[in-house]
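*Asks:* Just to be clear, the model below is a prediction. Sequence and coordinates:
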Amino acid sequence: EIKEDVAVCKLCSLCKNRTNTVFGDGPKNIDGKFSPPPILVIGEAPGADEDAQGLPFVGASGKLLDKMLMAIGLSRTTNCFIANMVKCRPTNNRNPQSSEIECCSHFLSEQIRLLRPKMILILGTVALKAMLKTSEGISHLHGKLFQYSSADGSLIPTIATYHPSALLRDENLKRPAWDDLKFFRAKMAELDVL
Ligand code: URA
């Protein structure tokens, strides 16, 4: 139902230029049973490839994201759901504006309410600032453990790392991003989430 609501949403002007909305992607239901994956990964907004296919992280940064996840035992086909802060592509791949994030954030809150993830991995500054309601950027807050307060009052252990597209632009970020991922993997083991 949320996916259907997203598909017809006209709450902000991003709807005018979209080809497809990008709801999110995760393991398919098995035998018609919905068993939500334990990990939620949150990016920023769809780019051109995602807009064309209606799926998150399918372009160059998506290929890198899949490798990053695989390195810590995660994948969108088995144990994690991938979503974005904003469900429609901002033109020319600009950052989504805060008004667009505000218009769209109730969809992500609903996704979190239904998925009840055991841990959240945030990718990049835009999602970090919106999710944790902070003005500090990723260079200060990556690799630290936070508790995301979900709408139903539960606290979800959350760690942020660099966005894969930042890693494609700057090789020097790969080392700290790998440290963040190892920290995420250690927390998953400690909290027994997989
Ligand atoms: N970048 C994002 O933040 N999300 C996508 O889905 C693709 C690229």
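*Replies:* Received, thanks.
*Asks:* can you dump the C-alpha coordinates of stretch 158-175 into CSV?
*Replies:* Provided in CSV are the C-alpha atoms of stretch 158-175 (Å, rounded to 0.1, in the frame of the first residue of the first chain):
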residue,chain,number,x,y,z
THR,A,158,22.2,3.2,13.6
ILE,A,159,25.6,3.9,12.0
ALA,A,160,26.4,6.2,9.1
THR,A,161,29.2,5.9,6.5
TYR,A,162,30.2,7.7,3.4
HIS,A,163,27.9,7.5,0.4
PRO,A,164,29.3,5.2,-2.3
SER,A,165,29.3,8.0,-4.9
ALA,A,166,31.6,9.9,-2.5
LEU,A,167,33.9,6.9,-2.5
LEU,A,168,33.9,6.8,-6.3
ARG,A,169,35.0,10.5,-6.3
ASP,A,170,37.6,10.2,-3.5
GLU,A,171,39.7,7.1,-3.1
ASN,A,172,41.0,8.4,0.3
LEU,A,173,37.5,7.8,1.8
LYS,A,174,37.6,4.1,1.1
ARG,A,175,39.7,3.2,4.2
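*Asks:* Could you list the contact residues of this structure toward the ligand?
*Replies:* 22, 43-47, 50, 56-57, 61-62, 84 (CB under 6 Å from any ligand atom). For every residue, glycine as well, the C-beta is placed using N, CA and C.
*Asks:* What is the nearest of those residues to residue 187?
*Replies:* Nearest to residue 187 among the residues of the chain next to the ligand: residue 43, at 19.8 Å, using CB to CB.
*Asks:* May I ask you to confirm that that closest one is in contact with residue 81?
*Replies:* No. Using CB atoms under 8 Å, residue 43 is not in contact with residue 81, being 11.7 Å away.
*Asks:* The two - which one has more neighbours?
*Replies:* The neighbour count for residue 43 versus residue 81, taken as other CB atoms under 10 Å, is higher for residue 43 (28 against 21).
*Asks:* Can you give me the distance of the more buried one to residue 68?
*Replies:* For residue 43, the distance to residue 68 (CB to CB, to the nearest Å) stands at 12 Å.
*Asks:* got the contact list for stretch 149-160?
*Replies:* Contact partners of stretch 149-160, identified using CB atoms under 8 Å, 6 or more residues apart in numbering, comprise 109, 112-113, 116-124, 127-128, 131-132, 138, 141-148, 180, 183-184, 187, 191.
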